[in-house]
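# Could you work out the structure for the sequence below:
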Amino acid sequence: MLDYTDKDALKNIGKFMNSLRRSAEEHDLELRLSDTETVYLPDSTTPVRGYFSNEPLTLAVGMDTSLENWLPLLLHESCHFDQLKEKDPTFTKAYVKGEDSIYLLFRWVDGEDIPADDLKLAFERTKECELNCERRVVKKIKEFELPIDVDEYCRRASAYIHYYNYMAIRRVKYGAGYAPYYDRRILELMPANLRGAYKRLPPNVLPAYDTFFSEKFLNDRVKNIMLLRNTKRTD
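Predicted structure coming up:
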């Protein structure tokens, strides 16, 4: 937990926020720091905790949560912004036939048939982009000396990236307000670093993800319809 009497920590958070605001002004980025828990994706009714979009150029985060929740998320989305500014190939090439690879994955999870080659490429490019972003977050935590435990962050980032490997196996997704990277059973199996390429889900990790999702969903595999059962986090 953040010690709110730690003036140095609060000062460093302020430095990061000011740096982000200056960069947003310089690049005409709409920075939406909402006083709600969730925000909505562009042209969508889908609630999420935060996102970065390059069309329109927007960074949005729901900040009506604890600082321990929104600060890492804001860092993550700001690093996607950095990827765009620097034209990082893991970001600029994160598309399949002109569509953002991550949205193609979401359409597949929702039941749409996607060609196998396109699907495989979408998973590869999504994970490459997200892994590059998470490594940038770690560097930014250290650069601004932010009050975030790097080892713990790496475990959560690893759980997030491996979630896409799990998605490929089980064809499920999580929703706003709960996620596998908050589940302690999963985090205990994750590395405290971001080495490696995250090509596949380690076999010993699969049961922990299965347990998490079985507690969250009733799964009609024939129709591929996910019914929410329990949205409380398992911290």
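# now stretch 209-218: mean pLDDT?
For stretch 209-218, mean pLDDT rounds to 82.
# I'd assumed W70 was in contact with M63.
Yes: at 4.7 Å, M63 counts as touching W70 under the criterion of Cβ atoms under 8 Å. Quick note: C-beta positions are derived from backbone N, CA and C, even for glycine.
# Now R32: which helix or strand?
Taking DSSP states H and E as the definition, R32 sits inside strand 30-34.
# so what's the residue positioned nearest the centre of the chain up against?
The chain has Y160 as the residue nearest its centroid, 6.3 Å off, counting by Cα atoms, centre = their mean. Residues in contact with Y160 (Cβ atoms under 8 Å, 6 or more residues apart in numbering) are E130, E134, A179, P180, Y181.
# 6 Å instead?
Residues near Y160 by Cβ atoms under 6 Å, 6 or more residues apart in numbering: Y181.
# separation between it and R107?
Noted for Y160: a distance of 20 Å to R107, by Cβ to Cβ, to the nearest Å.
# same check, this time on C129
In terms of Cβ to Cβ, C129 sits 17 Å off from R107.
# More neighbours: which of the two?
C129 (23 against 13; other Cβ atoms under 10 Å).
# Phi, psi for the more buried one please.
The phi/psi pair for C129 (degrees, to the nearest 10) reads phi -60, psi -50.
# pLDDT weak spots in the chain?
1-5, 176-177, 217-235 (pLDDT under 70).
# what about the strands in the chain?
30-34, 39-40, 47-48, 50-54, 57-62, 95-96, 99-100, 217-220, 225-228 (DSSP state E).
# out of those strands, which comes closest to C154?
For these, the distance to C154 is smallest for strand 50-54, at 19.4 Å, taking Cβ to Cβ.
# Pull out the buried positions in that closest one.
Using 16 or more other Cβ atoms under 10 Å as the test for burial, strand 50-54 gives G50, Y51, F52, S53.
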